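In: 3D, please:
(2 chains)
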Amino acid sequence: MDQDPIGTRRPPGWQSPGWRPPGWCRSLQLVLATAWLLDGVLQLQPVMFSRGPHGLSAMLAGTAAGNPEPVASSITWLAGVVGHHSAPADLAFATVQILLGLGIAWRRSVKAALAASVPWALAVWWFGEGLGGVLHGTGTPVLGGPGAVLLYAVLAVVLWPTGSAVSGGREADGGVAPFVAAVTLGARASRALWAALWSSMALLSLLGASTPPAVGAGAAGMGAGEPGWLAALDRHVAALVAARGLAVAAVVAVVCLAVAAGVYLPPAGARAAVVLAIATSLGIWVVTENLGTVLAGGATDPSSGPLLVVLALAYWPAPGARRASRARGAGSDPARAPAAELAGAR
Amino acid sequence: MVHPAWLGQGWAVVMMAVGGYSLARLVSAVPLGRRTHVDLDVGHVLMTLAMVGMFVPGWRTLPAGAWEATFLVVGLWCTGRAGLLLARGRLAGPSAAPGPHFRHHAVHGVMAFAMVYMDAVSPSAGHAGGAPGMAMGPGAGVPSLTLLLVVVLLASAVWQLNGVDRLVAAPAACVPPPVLVPAAPAGPSDPGTLVPAASPGGGGPVPTGGRPWMAPRLEVACHVVMCLAMAFTLVLVV
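Out: A predicted model of the protein is given here:
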């Protein structure tokens, strides 16, 4: 007898013949779906329904400061609209995000949900995060720059599902995909995307250093409402970097540049760069982003750390990549050997 | 911090629908000859009933502490079953992966313990910090534990939804295999072949009389909704 996911025994034949267990790409999509669901559930916190200084409209209005006039005025306008209809607006926002999560989780609607998530994420990046502070130099990566929600859009593109298991392991031009992200975009474009993202984070880190206390003050300010261990960590970090803002920003920038360049290295080097990216993302997430302040209440998302980790995992060199490069060196057909291995990655 | 009362009432209505469906599924399982997990269905019914009382305090059905004891028993039962299934899998072979039975019992164990946790931090259970309109209050729980439970529940919902297409019945599975009868021999040396017998209705597939309301996909949908509702309730105590 077969067993369904709910645990009920079914007669043989109940399992759809076209169904496959999730591969690497699908697993990352499921993590993305979980993140969208978490965002939707967090959007339903009581504080979001209020019209006070901690409500959704005030949160939106707060992101206008420092942005150019057209951006700021558009954000202020939407904050005003939301302020007049806070409960329905917040419920609508939450519903959209929950539907996106469920849509990505359900295989039949994954493409539609990923496609819809791109404009939604960009709109939230504009109106909800004030373009991540990119335009006024406060979007430093240690404080979540260039904006967590922007990464949802990037992930939707990178994790776009391909049609079949066979094509899943190959790029559009017929070559072998060295990592999952390359299957949709191709190796060259996906590497360029990675390099652009991490290079811009390096740049934002240096731009953010023009206000040296930013990192320390940000870390110190994060402690409010956090659990004791996280608040203590914030105090230590704030004391440590208080007078070293520029040095910290420089170190972060160098690390970001190393990660950006690492994707062009051979598989072993690329793997090390991905590990560095994951370690950096987790470090930033815990130390300066305070897990997105989810534990303090009032957060709308888990911030950029987990999303950067998911993105990094999409660039993890596939098992066949090393053999493919060897095969290319030996003059054999590089596409043949690892294709079957990579097929499982979708 | 006031949560809209209509939101809690809306969730309560959804929970009643899920609980009613789970109860109907449970009751009709025996006459229909379907093998279902009685313990998990009972767990669904109890959880939805308790959550209705969490969303709308006036609709509480059991006194404070009674639900905690109930879900402690349910949680221990599901965890024990999951442990047993895991041990059986280990005995079957070192490479034997835990099956969906194990996963689902484990998730239900987590859900039951989450119910104990939520009921323990509920102000109507004798704790302070309640929010009007809802039986939960911010700051009443342990934030790290709350977040962990929320993530586990949402991941469970995503995992179940990902696997729902696995439950689409293949066309061949909906039709009973044809009865084969010996064909008339063509001659003395013909060993004879088996051919499908003519059906009483004159041929064609025999309809099975499927019951769409009993489809396992609806069961998955109930699980997803419950996970979402429970996660929503948990974020209220962060």
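In: Could you tell me how many residues sit around residue A:40?
Out: By the measure other CB atoms under 10 Å in any protein chain shown, the count of residues near residue A:40 is 25. In this view, the C-beta of every residue, glycine as well, is placed from N, C-alpha and C.
In: model confidence over the longest helix anywhere in chain B, on average?
Out: In chain B, with assignment by DSSP state H, the single longest helix is helix B:66-92. For helix B:66-92, the mean pLDDT works out to 87.
In: mind listing the helices for the stretch 51-200 of chain A?
Out: Ranges of helices within the stretch 51-200 of chain A are A:56-62, A:69-84, A:86-105, A:110-127, A:148-158, A:165-168, A:181-185, A:187-208, based on DSSP state H, counting those that start in this stretch.
In: Specify the stretch among these that is closest to chain B.
Out: helix A:86-105 (4.0 Å; CB to the nearest CB).
In: And that closest one, what's buried?
Out: A:86-87, A:89-91, A:93-94, A:96-105 (16 or more other CB atoms under 10 Å in any protein chain shown).
In: hmm, it touching chain B?
Out: Yes. Counting by CB under 8 Å from any CB of the partner chain, chain B has neighbours in helix A:86-105: A:87, A:91, A:98, A:101, A:102, A:105.
In: And the residue nearest the centre of chain A?
Out: The centre of chain A sits closest to residue A:307, judged by CA atoms, centre = their mean, with a distance of 2.6 Å.
In: That one - nearest residue in space that isn't next to it in sequence?
Out: Of all residues beyond its chain neighbours, the one nearest residue A:307 is residue A:151 (3.9 Å), with distances taken as CB to CB, 6 or more residues apart in numbering or on different chains.
In: Identify the residues contacting that neighbour.
Out: A:304, A:307, A:308, A:311 (CB atoms under 8 Å, 6 or more residues apart in numbering or on different chains).
In: which residues touch the helix or strand hosting the residue nearest to the centre of chain A?
Out: Applying DSSP states H and E as the criterion places residue A:307 in helix A:304-314. By CB under 8 Å, 6+ apart, the list of residues contacting helix A:304-314 from outside reads A:24-25, A:28, A:31-32, A:35, A:141, A:144-145, A:147-148, A:151-152, A:154-155, A:158-159, A:179-181, A:194, A:197, A:274, A:277-278, A:280-282, A:284-286, A:289, A:291-292.
In: any idea of the mean pLDDT for stretch A:246-257?
Out: pLDDT averaged over stretch A:246-257 gives 91.
In: typo on my end, it should be stretch B:50-62
Out: Per-residue scores along stretch B:50-62 average to 88.
In: so how far is the first residue of that stretch from its last?
Out: Distance across stretch B:50-62, first residue to last, is 8 Å (CA to CA, to the nearest Å).
In: Give the buried residues for it.
Out: Those would be B:50, B:51, B:52, B:53, B:54, B:55, B:56, B:57, B:59, B:60, for stretch B:50-62 by 16+ other CB under 10 Å.
In: what's around residue B:47, how many residues?
Out: Counted with other CB under 10 Å, residue B:47 comes out at 26.
In: so how far is residue B:75 from the nearest residue to it once chain neighbours are set aside?
Out: Residue nearest to residue B:47 in three dimensions, not counting chain neighbours: residue B:115, with 5.9 Å by CB to CB, 6+ apart. To residue B:75, residue B:115 is 8 Å away according to CB to CB, to the nearest Å.
In: of those two, who's got more company?
Out: Remark: of residue B:115 and residue B:75, residue B:115 carries more neighbours, 25 against 21, as counted by other CB under 10 Å.
In: Validate this expectation: the more buried one resides in a helix.
Out: Yes. When DSSP: H, G, I helix; E, B strand; the rest coil is applied, residue B:115 is found to be in a helix.
In: So residue B:158, which state does it fall into?
Out: helix.
In: Could I get the contacting residues of the nearest residue to it once chain neighbours are set aside?
Out: Distances taken as CB to CB, 6+ apart put residue A:105 closest to residue B:158, at 4.3 Å, once the chain neighbours are dropped. Residue A:105 makes contact with A:30, A:33, A:37, B:157, B:158, B:161, B:162, according to CB under 8 Å, 6+ apart.
In: Is the fifth one in contact with residue A:35, as I believe?
Out: Going back to what we said before, that points to residue B:158. No. Counting by CB atoms under 8 Å, residue B:158 sits too far from residue A:35 to count as a contact (9.7 Å).
In: Now for these two: what residues contact both?
Out: By CB under 8 Å, 6+ apart, residue B:158 and residue A:35 have these common neighbours: residue A:101.
In: Low-confidence ranges, the chain, go.
Out: Assuming you mean chain A. Counting by pLDDT under 70, chain A has low-confidence residues at A:1-20, A:163-176, A:209-224, A:320-346.
In: Please refer instead to chain B.
Out: In chain B, residues with pLDDT under 70: B:1-2, B:33-36, B:93-100, B:123-140, B:167-212, B:238.
In: one more time with 50, if that's ok
Out: Counting by pLDDT under 50, chain B has low-confidence residues at B:1, B:125-133, B:170-181, B:194-209.
In: Just the strands from chain B, written as ranges.
Out: Counting by DSSP state E, one finds strands in chain B at the ranges B:180-182, B:194-196.
In: tally of neighbours for residue A:277?
Out: If you count neighbours by other CB under 10 Å, residue A:277 ends up with 26.
In: thought it was touching residue A:195?
Out: No. Contact criterion CB under 8 Å: residue A:277 and residue A:195 do not qualify, at 11.7 Å.
In: Which residues are in contact with residue B:114?
Out: By CB under 8 Å, 6+ apart, the neighbours of residue B:114 are B:149, B:153, B:230, B:234.
In: what's the burial count for the second one?
Out: Read that as residue B:153. Neighbourhood size, residue B:153 [other CB under 10 Å]: 26.
In: Repeat that for the first one.
Out: The number of residues packed around residue B:149, counting by other CB under 10 Å, is 22.
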